[in-house]
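Colleague: Here you go, sequence then predicted model.
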Amino acid sequence: MMRTQPLKVALLGCGVVGSEVARIMTTHATDLAARIGAPVELAGVAVRRGGRERAGIDPALITTDAVELVKRDDIDVVVEVIGGIEPARGLILSAMEHGASVVSANKALLAEDGSTLHASAAKHGVDLYYEAAVAGAIPLLRPLRESLAGDKVERVLGIVNGTTNFILDRMDTTGAGFAEALDEATALGYAEADPTADIEGFDAAAKAAILAGLAFHTRVTAADVYREGITEVSAADVASAKAMDCVVKLLAICERGADGQSVSARVHPAMIPRSHPLASVREAYNAVFVESEAAGQLMFYGPGAGGAPTASAVLGDLVAVCRNKLSGATGPGESAYAALTPQPVGIARTRYHLSLDVADRAGVLAQVAAVFAQHDVSIDTVRQQGRDGDATLVIVTHTATDAALAATVADLRGMDIVRDIAGIMRVEGE
Ligand SMILES: NC(=O)c1ccc[n+]([C@@H]2O[C@H](COP(=O)([O-])OP(=O)(O)OC[C@H]3O[C@@H](n4cnc5c(N)ncnc54)[C@H](O)[C@@H]3O)[C@@H](O)[C@H]2O)c1
Ligand SMILES: N[C@@H](CCO)C(=O)O
Ligand code: NA
């Protein structure tokens with residue numbers, strides 16, 4: 001039975017994502033009503049600066065006073081697509097206090113202070129959904145929160161930032177350096193005017209924190225995530241990867257520790273074999289593997305950004321929270337019961353690629369190998385290229401801890417026979 005009284009939605013922010021949310025709410029109104037069981041009505045749109053016409057939005061709905069909008073008694077759901085920590089956090093908390101469920105796309109806020117938002121949602125008996133916050137349109141958080149709630153997730157591994165994937169893909173296909181590829185990403189509208197959050201890995205680290213929290217039923221914040229961006233990835237690194245039939249990707253990796261009591265989350269560039277499915281993720285696409293005990297390996301792939309794809313995820317959440325409102329229920333809240341300990345990256349074990357310029361004379365390889373052995377870092381392969389009395393040793397290790405590799409590199413740097421060390425990069429996916 002269709003309820004005639006509409007559910008009222010307040011939209012906070014009308015930028016890239018917000019304008020698409022408003023458009024889809026209008027153009028799909030009949031279908032949305034049928035799927036929810038009641039019409040949904042856009043009851044107010046908060047913008048930063050008024051006085052501008054916004055396509056398809058009744059000017060009477062526009063306000064520059066988000067604070068008042070979220071306090072309105074008649075609002076059932078608040079959709080927050082402003083971004084950043086404040087005023088988004090204050091507005092969401094106020095909306096919940098006034099009885100509204102919240103849909104947000106705000107990874108920065110969820111990764112910094114998701115538990116405060118979840119606690120407020122629980123206290124006020126409302127929903128907090130945020131599928132759009134990680135990997136845009138790709139259904140990923142709901143599968144983790146709901147579909148896999150009966151399984152035991154062991155590892156989440158993926159490409160969760162489209163801008164950096166675009167840049168690394170260009171470096172791989174054209175041989176361009178980082179700066180040149182970034183310029184192209186900016187010109188094509190993939191990178192923002194200030195690309196820091198993407199290229200330094202902050203965006204991916206926020207997403208990794210959210211994924212780790214959901215996967216392992218533990219509170220994980222952005223500060224718990226080890227983070228390296230892609231600004232130091234050189235054309236030479238990409239060429240070294242190619243020589244090993246690998247490609248460089250910015251990966252987010254969330255793992256349960258071997259002790260069963262800890263979790264590690266990290267974001268860094270890594271070489272992966274071209275035969276690995278993540279190697280075929282091109283341009284600005286995202287892809288995430290989830291490995292769980294009973295299900296095995298699952299792969300989620302699709303557009304991780306953009307107005308319409310992100311709005312698709314927001315609308316899915318809007319339908320879910322509206323259905324919950326009508327049935328008087330709420331969806332899953334925060335699940336942090338496992339309370340695993342977030343671990344520093346030093347304990348994570350990965351393989352490493354490094355390239356050493358050394359003097360080309362008898363005994364050098366043995367001396368270099370001895371330093372690896374001293375730190376219990378086992379060498380998998382060594383490739384030597386001679387040039388003008390010097391030689392380049394391209395070494396790939398077996399799995400080692402970050403701490404052991406760092407100590408090895410520090411000792412190697414102190415040796416007379418080692419002229420330079422370059423291309424230090426983790427190797428994943430083998
Ligand atoms: N664009 C994407 O591809 C994408 C993908 C996934 C998630 N997200 C997330 O969605 C959110 C919105 O991103 P976006 O790309 O639409 O950003 P945007 O900058 O295009 O839009 C944000 C809008 O909020 C407005 N705003 C700022 N302060 C405000 C206030 N106090 N009251 C009302 N409006 C205010 C700004 O004027 C701007 O128009 C962010 O949290 C972002 O991380 C975006
Ligand atoms: N800047 C992000 C947008 C989606 O969160 C990206 O490049 O993936
Ligand atoms: Na998503």
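Modeller: Yes, it's here. Ligands and ions are numbered 1, 2, ... in the order given.
Colleague: Can you give me the pLDDT of Glu53?
Modeller: Glu53 is assigned 85 on the pLDDT scale.
Colleague: mind listing what it touches?
Modeller: Contacts for Glu53 (Cβ atoms under 8 Å, 6 or more residues apart in numbering) come out as Pro59. All C-beta atoms are positioned from the backbone trio N, CA, C, and that covers glycine.
Colleague: Show me where the stretch 301-430 of the chain has its strands.
Modeller: Remark: strands assigned in the stretch 301-430 of the chain by DSSP state E, counting those that start in this stretch are 341-342, 349-359, 379-387, 390-397, 400-401, 418-427.
Colleague: neighbouring strands for the last one, and are they parallel or not?
Modeller: The one in question is strand 418-427. strand 262-273 (parallel), strand 349-359 (antiparallel) (DSSP bridges).
Colleague: Can you list the buried residues in it?
Modeller: In terms of neighbour count (16 or more other Cβ atoms under 10 Å), strand 418-427 has its buried residues at 418, 421, 423, 425-427.
Colleague: and the angle for it with strand 390-397?
Modeller: Between strand 418-427 and strand 390-397, the angle comes out at 30 degrees (axes from the mean of the first three to the mean of the last three Cα atoms, to 10 degrees).
Colleague: so for strand 418-427, what's the average pLDDT?
Modeller: On average, strand 418-427 scores 93.
Colleague: just the fourth one next, same as before
Modeller: Per-residue pLDDT over strand 390-397 has a mean of 92.
Colleague: Which neighbouring elements make contact with that strand?
Modeller: Packing partners of strand 390-397 (3 or more Cβ pairs under 8 Å, 6 or more residues apart in numbering; DSSP states H and E): strand 349-359, helix 364-374, strand 379-387, strand 418-427.
Colleague: That one pairs with which strands?
Modeller: strand 349-359 (antiparallel), strand 379-387 (antiparallel).
Colleague: Name whatever forms a beta bridge with Ser101.
Modeller: Beta-bridge partners, per DSSP bridges, of Ser101: Val77.
Colleague: Pick out the residue of the stretch 251-400 of the chain closest to ligand 3.
Modeller: Going by Cβ to the ion, ligand 3 is nearest to Ala313 of the stretch 251-400 of the chain, at 4.8 Å.
Colleague: I'd assumed Val134 was in contact with that residue.
Modeller: No - Ala313 is not in contact with Val134 according to Cβ atoms under 8 Å; the separation is 9.1 Å.
Colleague: between these two, which one's more packed in?
Modeller: Between Ala313 and Val134, counted using other Cβ atoms under 10 Å, Val134 has the larger neighbour count: 29 against 26.
Colleague: Ignoring the adjacent residues along the chain, who's closest to that one?
Modeller: Excluding the flanking residues, the one nearest Val134 by Cβ to Cβ, 6 or more residues apart in numbering is Lys207, at 4.5 Å.
Colleague: List the contacts of that neighbour.
Modeller: Neighbours of Lys207 in contact, by Cβ under 8 Å, 6+ apart: 107, 111, 133-135, 160-161, 252.
Colleague: Let's see if you can find the most crowded of these.
Modeller: The contacts of Lys207, ranked by neighbours (other Cβ under 10 Å): first place Ala135, 33 neighbours.
Colleague: that older thread, determine which stretch of the strands paired with strand 418-427 is the most buried.
Modeller: With neighbours defined as mean count of other Cβ atoms under 10 Å, those peak in mean count at strand 262-273, which reaches a mean of 24.
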